[in-house]
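Visitor: starting from these lines, generate the structure:
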Amino acid sequence: MTNTTHDTRTEIEDRAILVSLVTDKVKRSGINPEYSLQELVQLAETAGVEVLDVITQNREVPDSKWFIGKGKVEELRMAIDGLGATTAIFDQELSGAQVRNLEESLDVKIIDRTQLILDIFAQRAKTREGIVQVELAQLTYLLPRLSGHGKNLSRLGAGIGTRGPGESKLETDRRHIRDRISDLKRQLDEMTRHRSLHRERRKKSGAVQVALVGYTNAGKSTLLNRLTAADVYIEDQLFATLDPTSRALELPSGKEVVLTDTVGFIQNLPHDLVAAFRATLEEANEADLILHVVDSSSPMRDEQMAVVHSILQDLGAADKPQIVLFNKKDACEPEQLEMLPTGEGQLKISAYNDQDLDTVREAIQNQLSGGNVTFRIPADRGDLNSAVYRIGDVLEQSFDENDILYEIRINKADYDKMGYLLHDYVQQQ
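Guide: Numbers count the residues shown, from 1 in each chain. Below is the predicted model:
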């Protein structure tokens, strides 16, 4: 059984057959259908589903009525009857009409990839903000599809597709659901405002922010725990972490920065989910430095890195200073390790190797450092003398008549925020 932090059911309720349709459009998109299907298996298992079989079909375009061809529907029905499946999970997004037609023909619950991911998020959400974001994404997704989810809604509590908003909310009229969506958006806007105020306070206090980003299950939470002695939930499964967690990280110089873990990315991440979680994902956009954690043992490493880069671009964070951490080197074959990039700002690490963690801390410090600068500050300018200590590490201090000379190892992020106060006091070499 897959353990979760939210779902306490003790037995698997869903037995599913997975279905993937490979169209010409999918082939042109650059998405690897085979890998996407493997990922769907992982998603299903993460949601507590027993996967019985996998069926694929190649077609130029989806069937408007069934999504897959009518003959393939019959093949799927025979497989369902033969294996005793209770659910069919499709790797692509279905319309409400397609869901309705498939349910009537197959007499099982029909779930698509988007709904499966939303269901996992419903299991994982623990904070009020996370719960609101998930419900908003679920309702936004389900509103245009209500007519196609009759069987799902009639099976209250029957596993995937029924967690989150609940039957009573979804069986009421659309106006009530639209009102609920508006209410959730208002709540989320208020939470976003509070989060923004919190970020501003952190900035004013001079706190340097470092964000962990990466594909789901790349090892971000493990890295956060190991670097900061945090107690973030860790499991070898997709989306083990949903709510962002921030912890203080001490660098070799003794300076502390704020390290934040973020929700993992995945290809075909539902648009509604990205929209709902935008405030959370913007932790990356507000960061002074991004640590891009990569599962270096994954055969789809390059594709996963491309997905992360694409989402960072959408968030406006692609140009942020970045260190790429090729994690899980201990799980790599020798030839995999050989092929990993070794350029500037790229490290091969294992989150369980203490020496590697020291290397990461050093790399963060070096990336944030702006070199050494000497300032000559009038002794009677207490405001400037205190500001000196907030833009870096004081390496040496001496007195010259009515001035104090400071040699500082600059922290770039801090200097960008406060350096304007001291610009006129730089001691020319």
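
Visitor: which secondary structure state does the residue lying closest to residue 332 once chain neighbours are set aside sit in?
Guide: Counting by C-beta to C-beta, 6 or more residues apart in numbering, residue 297 is the residue found nearest to residue 332 once chain neighbours are left out, at 4.9 Å. Heads up, the C-betas are built off the backbone N, CA and C, glycines and all. Recorded secondary structure, residue 297: coil (DSSP: H, G, I helix; E, B strand; the rest coil).

Visitor: count the residues that sit near residue 297.
Guide: Neighbours of residue 297 under the rule other C-beta atoms under 10 Å: 17.

Visitor: where does it land on pLDDT?
Guide: Looking at residue 297, its pLDDT stands at 93.

Visitor: check contacts around it.
Guide: Shown in contact with residue 297 (C-beta atoms under 8 Å, 6 or more residues apart in numbering): 328, 329, 331, 332, 336.

Visitor: the first one contacts residue 301, doesn't it?
Guide: No: shown here, residue 328 and residue 301 do not form a contact pair, counting by C-beta atoms under 8 Å, at 10.0 Å.

Visitor: off-centre distance for the helix or strand residue 313 falls within?
Guide: Assigned by DSSP states H and E, residue 313 belongs to helix 301-315. On the basis of C-alpha atoms, centre = their mean, to the nearest Å, helix 301-315 sits 11 Å off its chain's mean C-alpha point.

Visitor: how about that helix: buried residues?
Guide: Residues 301, 303, 304, 305, 307, 308, 311, 312, 315 are the ones in helix 301-315 that count as buried (16 or more other C-beta atoms under 10 Å).

Visitor: got it, and stretch 125-140?
Guide: Across stretch 125-140, burial judged by 16+ other C-beta under 10 Å covers 125, 129-140.

Visitor: residue 293: what secondary structure?
Guide: Three-state call for residue 293 (three-state DSSP): strand.

Visitor: could you shift the numbering so residue one becomes 29, and keep it that way?
Guide: Yep, numbering from 29; the last one is residue 321 now.

Visitor: re earlier: may I see the buried residues of helix 329-343 arranged in a markdown table, with pLDDT as well?
Guide: Formatted as a markdown table, these follow (pLDDT from 0 to 100):
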| residue | pLDDT |
| --- | --- |
| 329 | 91 |
| 331 | 88 |
| 332 | 90 |
| 333 | 93 |
| 335 | 88 |
| 336 | 91 |
| 339 | 85 |
| 340 | 88 |
| 343 | 82 |
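
Visitor: any chance of those residues in JSON lines with distance to residue 381 as columns?
Guide: Formatted as JSON lines, the buried residues of helix 329-343 follow (distance: C-beta to C-beta, whole Å):
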{"residue": "329", "distance to residue 381": "19"}
{"residue": "331", "distance to residue 381": "26"}
{"residue": "332", "distance to residue 381": "22"}
{"residue": "333", "distance to residue 381": "22"}
{"residue": "335", "distance to residue 381": "26"}
{"residue": "336", "distance to residue 381": "23"}
{"residue": "339", "distance to residue 381": "28"}
{"residue": "340", "distance to residue 381": "27"}
{"residue": "343", "distance to residue 381": "30"}
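
Visitor: just those now: which is nearest residue 122?
Guide: Nearest to residue 122 among the buried residues of helix 329-343, counting by C-beta to C-beta, is residue 335 at 22.2 Å.

Visitor: shouldn't that closest one be in contact with residue 302?
Guide: No: between residue 335 and residue 302 there is no contact under C-beta under 8 Å: 11.9 Å.

Visitor: which residues of the stretch 229-378 of the chain fall in helices?
Guide: Applying DSSP state H, counting those that start in this stretch to the stretch 229-378 of the chain gives helices spanning 248-256, 299-304, 306-314, 329-343, 362-367.

Visitor: so for residue 61, which of those sits nearest?
Guide: Across the helices of the stretch 229-378 of the chain, residue 61 has its closest neighbour in helix 329-343 (12.0 Å, C-beta to C-beta).

Visitor: got the angle for the closest one vs helix 306-314?
Guide: Between helix 329-343 and helix 306-314, the angle comes out at 100 degrees (axes from the mean of the first three to the mean of the last three C-alpha atoms, to 10 degrees).

Visitor: who are the packing partners of helix 329-343?
Guide: Counting contacts by 3 or more C-beta pairs under 8 Å, 6 or more residues apart in numbering; DSSP states H and E, helix 329-343 packs against strand 237-242, helix 306-314, strand 317-323.

Visitor: quick one: mean pLDDT for the first one?
Guide: In this model, strand 237-242 has an average pLDDT of 92.

Visitor: gap between it and the chain center?
Guide: Relative to the mean C-alpha coordinate of its chain, strand 237-242 is positioned 10 Å out (C-alpha atoms, centre = their mean).

Visitor: below-threshold pLDDT in this structure: ranges please.
Guide: For the chain, applying pLDDT under 70 flags the ranges 29-40, 175-201, 234, 258-272, 298, 304, 307-308, 398, 456-457.

Visitor: thank you kindly, that will do.
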